[in-house]
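Visitor: Model the structure of this input:
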Amino acid sequence: MKVALGRYLPGNSIIHKMDARIKLLANILFIVLFFLANNFIIQGFILLPLIIAFIISTRKPLFLLKMLIMPIIIGFFMLIINMFILETDAAMKFLENAGVEPWKYTEWLNLIWPNINSPKLNYVILITTCSIIIRIYGIILSMTLFTLSTQPILITKALDFYFYPLKWLKIPIHIFTMIISIAFRFVPTLVDEASRIFKSQASRGVDFKNGSFKTKTKALIVLIVPLFVSSFAKADDLSNAMETRGYNPYGKRTSYRIWKFTWFDSISLIFTVSFIVLMFLLIYNPNNIFHFPNWWYEARCVFE
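Guide: Predicted structure coming up:
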């Protein structure tokens with residue numbers, strides 16, 4: 001089975017055996033950590049357990065490289081945008097005051113970019129773009145790992161567990177969790193459908209690669225319109241199937257699954273929380289409890 005975001009990959013690894021509630025909590029906190037991480041070394045620390053867990057659960061390490069394609073493409077466009085709109089004077093001054101010499105890392109840019117200031121391309125812009133690529137890659141990896149190792153029904157129950165306090169406000173949380181679960185379930189289905197339509201249209205002579213921008217736009221419309229029609233048809237079929245089976249979103253629901261914390265879940269929770277707390281301490285370093293060497297500060301990717 002192919003590895004894809006939203007597709008469950010059956011397995012018997014320790015990641016599959018972890019409680020879905022722990023995995024959902026860890027997934028959210030890891031995404032928050034990627035946004036807060038202000039150092040490439042910290043980003044590497046956050047990525048490392050995700051990479052190890054992905055290899056353990058899928059045994060497909062090459063797919064880690066495949067997932068890099070999308071972040072690199074987004075990073076390339078972000079680099080171009082940053083070159084025109086990002087103000088870096090304050091950041092460059094911050095680095096100089098901190099004892100970091102940013103220009104010594106970008107001397108090679110003069111060889112490939114003679115007029116380096118118009119549009120500007122410097123150390124801060126490159127570092128910011130690389131940081132964005134790593135964050136996007138980490139978020140994609142974290143979400144993919146969560147969905148491929150957790151059954152959709154368990155994702156729904158985990159969301160139900162964390163949304164439970166909203167029941168006191170008379171909010172129908174089951175409807176929201178069901179919508180999220182169905183959305184996760186339809187992601188790989190729509191990807192497969194888009195691939196099938198792409199191949200069908202290409203066999204009919206539609207050229208998606210060559211031609212002017214206008215020609216490519218028309219070819220893209222030929223792909224998007226059937227995909228939307230197919231999506232609405234599948235959604236209509238799903239609603240009819242749920243209705244014929246007597247599904248009532250406002251009815252009182254019961255569950256035949258009883259979740260109990262085992263010793264393995266307790267160890268997993270302790271390890272996850274300890275790791276995340278350590279990463280928060282490394283990011284904020286309250287009261288300077290850690291004394292980092294100079295090379296640690298030179299690996300910064302967020303400048304204040």
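Visitor: which of the residues in stretch 179-190 are buried?
Guide: For stretch 179-190, a neighbour-count test (16 or more other C-beta atoms under 10 Å) marks 181, 184, 185, 186, 188 as buried. Every residue, glycine included, has its C-beta placed from N, CA and C.
Visitor: Ok, stretch 72-79 next?
Guide: Going by 16+ other C-beta under 10 Å, stretch 72-79 has these buried residues: 75, 78, 79.
Visitor: Show me the shaky parts of the stretch 51-200 of the chain.
Guide: Where the stretch 51-200 of the chain drops to pLDDT under 70, the residues are 88-121.
Visitor: what about residue 83, distance to residue 208?
Guide: 29 Å (C-beta to C-beta, to the nearest Å).
Visitor: Would you format the buried residues of stretch 72-79 as TSV with secondary structure included?
Guide: Below are those laid out as TSV (DSSP: H, G, I helix; E, B strand; the rest coil):
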residue	secondary structure
75	helix
78	helix
79	helix
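Visitor: Closest to residue 134 out of those?
Guide: Residue 134 has its nearest neighbour among the buried residues of stretch 72-79 in residue 75, at 9.0 Å by C-beta to C-beta.
Visitor: how close does the residue nearest to that closest one when sequence neighbours are not counted sit to residue 234?
Guide: Leaving aside its sequence neighbours, residue 75 sits nearest to residue 133 (C-beta to C-beta, 6 or more residues apart in numbering; 3.8 Å). Using C-beta to C-beta, one obtains 34 Å as the distance from residue 133 to residue 234.
Visitor: Which one's more surrounded, those two?
Guide: When residue 133 and residue 234 are compared for neighbours, residue 133 comes out ahead with 20 against 14, by other C-beta atoms under 10 Å.
Visitor: between residue 83 and residue 208, which one's more packed in?
Guide: Comparing residue 83 with residue 208 by other C-beta under 10 Å, the one with more neighbours is residue 83, at 18 against 14.
Visitor: Wait, the more buried one touches residue 125, no?
Guide: Yes: the pair residue 83 and residue 125 passes the contact test of C-beta atoms under 8 Å, sitting 6.1 Å apart.
Visitor: Need the three-state assignment for residue 11.
Guide: coil.
Visitor: is it true that it touches residue 57?
Guide: Yes: between residue 11 and residue 57 a contact is recorded at 5.9 Å, counting by C-beta under 8 Å.
Visitor: Now for those two: what residues contact both?
Guide: Common neighbours of residue 11 and residue 57, using C-beta atoms under 8 Å, 6 or more residues apart in numbering, are residue 149.
Visitor: Against residue 186, how distant is residue 71?
Guide: For residue 71 relative to residue 186 (C-beta to C-beta), the value is 23 Å.
Visitor: ignore the last one, residue 78
Guide: 28 Å.
Visitor: tell me the pLDDT at residue 6?
Guide: If you check residue 6, the pLDDT there is 64.
Visitor: So for stretch 155-172, what gets flagged as buried?
Guide: 155, 156, 157, 158, 159, 160, 161.
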